[in-house]
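Q: sequence and predicted structure, then a few things I'm wondering about:
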Amino acid sequence: MNLLIEGSHLLGIPLSEHQLRLFRLYAEELALWNRQFNLTAVTDYEGIQTRHFLDSITCLLAFPAVEVRDPPCQIAGLPSMTGLRVIDIGAGGGFPGLPLKIVCPEITLTLLDSVAKKTKFLDHLVNKLGLAGVHVVTGRAEEVARDPQHRERYDVVVSRAVAELAVLAELCLPFARVGGRMIAPKKGALEREIEMGEGAVERLGGRMGKAIAVELPGFLDIRHLIVVDKVSPTPAVYPRRPGIPSKRPLR
Ligand code: SAM
């Protein structure tokens, strides 16, 4: 776990022995289940440490009340996150939600994915790691967002590698409470994606925050966190039926 240790140290989050043990176990289980379930294309030990674990925990740079030194991109203080409700939309193999839970055990985490074999893995993993306060839900975001148990109930909504901003906003913002926030890690150029997604964000009750550049030299390419604050309730008509957000993205 040397890469994870060094990278998280640069990020300003020293990991305990217990946390490292959990990350080791996570990497082992991911490699084991991946043979059968095709959970990720990143299977080498180095890639799992940087492109999955480290990349996931960089989301903390955009968490509410986290103190960040800028530049460099380093966390100067993690507040107590007791009671913070976080949901990961399209969690797949658990990224970014589960690494965030390992680093901040006091959050309550919901992992949502539409594919049952992925949520089966997530259930198994949560048991194996002995994590309390994690709920795994199988379903489409477009449907689960209509359930009052989930609609506008989360302080933070995270989602990685699921869709472009215009679509993602429709899948994620209905879950955020007013005053909450959506955080989406992204690779590559963002200007066009933001330009195409801004209209959707506003219609769904969001307001674009400043994108945060994630720079961890030697560990990750420059990446960004898209940040959207939830400033008013999402109109009841959203999200539309399953598949429609990606077929006809809001503009
Ligand atoms: N977030 C993980 C990561 O970064 O490694 C997985 C990314 S994977 C490319 C996209 C995941 O989103 C898949 O597991 C897929 O099943 C899930 N997904 C896509 N659309 C969804 C929807 N509408 N509702 C729930 N899950 C969805």
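A: Everything's here; your move.
Q: ok, and does stretch 159-177 reach over to the ligand?
A: Yes: on the criterion Cβ under 6 Å from any ligand atom, stretch 159-177 is in touch with the ligand at Arg160, Ala161, Val162, Leu171. Placement of C-beta: from N, CA and C, glycine included.
Q: list the buried ones in that stretch?
A: Neighbour-count burial for stretch 159-177, with 16 or more other Cβ atoms under 10 Å as criterion, is recorded at 159-160, 162-177.
Q: in the stretch 1-150 of the chain, which spans are strands?
A: Secondary structure of the stretch 1-150 of the chain, counting by DSSP state E, counting those that start in this stretch: strands at 67-69, 74-77, 85-89, 108-113, 134-138.
Q: one step back: in helices only, show me the buried residues of stretch 159-177.
A: Judged by DSSP state H, the buried residues of stretch 159-177 include Leu165, Ala166, Val167, Leu168, Ala169, Glu170, Leu171, Cys172 as members of helices.
Q: nearest to Arg240, of these?
A: Taking Cβ to Cβ as the measure, Arg240 lies nearest Glu170 of these, at 7.1 Å.
Q: per-residue confidence at the residue lying closest to the closest one once chain neighbours are set aside?
A: Once flanking residues are discounted, Glu170 sits nearest to Pro245: 4.1 Å by Cβ to Cβ, 6 or more residues apart in numbering. According to the prediction, Pro245 has pLDDT 98.
Q: please apply the same query to Ile48.
A: At Ile48, the pLDDT value in this model is 95.
Q: what sits against it?
A: By Cβ atoms under 8 Å, 6 or more residues apart in numbering, the contact list for Ile48 reads Ala27, Leu30, Ala31, Val42.
Q: what separation do you get for it and Lys101?
A: Using Cβ to Cβ, to the nearest Å, we find Ile48 at a distance of 17 Å from Lys101.
Q: next one: Arg24
A: Arg24 is 16 Å from Lys101, by Cβ to Cβ.
Q: who has more neighbours, these two?
A: Neighbour count, other Cβ atoms under 10 Å: between Arg24 and Lys101, Lys101 has more, with 25 against 14.
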